[in-house]
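*Asks:* show me how the following folds:
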Amino acid sequence: MGKTVEDRDLWVIKVSNQLEANKNPAIFVDAGIHAREWIAPATALYLLNQITENPDVSASLLNGLDWYIVPVLNPDGYEFSHAKVSTNF
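*Replies:* The predicted structure is shown next:
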């Protein structure tokens with residue numbers, strides 16, 4: 001999807017059951033916007049897993065919709081919070 005200020009890749013995953021591009025309404029899910037939002041990327045990846053691996057869930061969620069999921073919208077801050085910020089609040 002692009003690059004961050006610190007030259008990290010920004011990834012977006014599209015999940016759809018349509019062969020033709022951009023024919024459905026879209027749901028956009030972004031996570032990891034704030035650096036210390038460590039659970040949000042895991043939640044976005046769980047949603048992605050459920051949509052792609054669970055046919056009972058995906059049948060209803062993909063019917064007429066395209067999903068765009070960005071697991072970490074702020075990878076610079078996410079990396080900084082893991083590498084530099086003390087966990088002693």
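
*Asks:* use CA for all of it now, contacts and neighbours both
*Replies:* Fine.

*Asks:* for the protein, which spans come out with low pLDDT?
*Replies:* 19-22, 85-89 (pLDDT under 70).

*Asks:* okay, strands next: where are they in it?
*Replies:* Taking DSSP state E as the test, the strands found in the chain are 2-3, 9-10, 13-15, 26-30, 66-70.

*Asks:* of all the ones you listed, which one is nearest Glu37?
*Replies:* Of all the strands of the chain, strand 26-30 sits nearest to Glu37, with 11.7 Å by CA to CA.

*Asks:* buried residues in that closest one?
*Replies:* Within strand 26-30, the residues that count as buried by 16 or more other CA atoms under 10 Å are 29-30.

*Asks:* now the angle from that strand to strand 66-70?
*Replies:* Strand 26-30 runs at 10 degrees relative to strand 66-70, counting by axes from the mean of the first three to the mean of the last three CA atoms, to 10 degrees.

*Asks:* okay if I get the strands of the chain as a markdown table plus distance to Asp56?
*Replies:* Formatted as a markdown table, those follow (distance: least, CA to CA, whole Å):
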| stretch | distance to Asp56 |
| --- | --- |
| strand 2-3 | 33 |
| strand 9-10 | 30 |
| strand 13-15 | 15 |
| strand 26-30 | 19 |
| strand 66-70 | 16 |
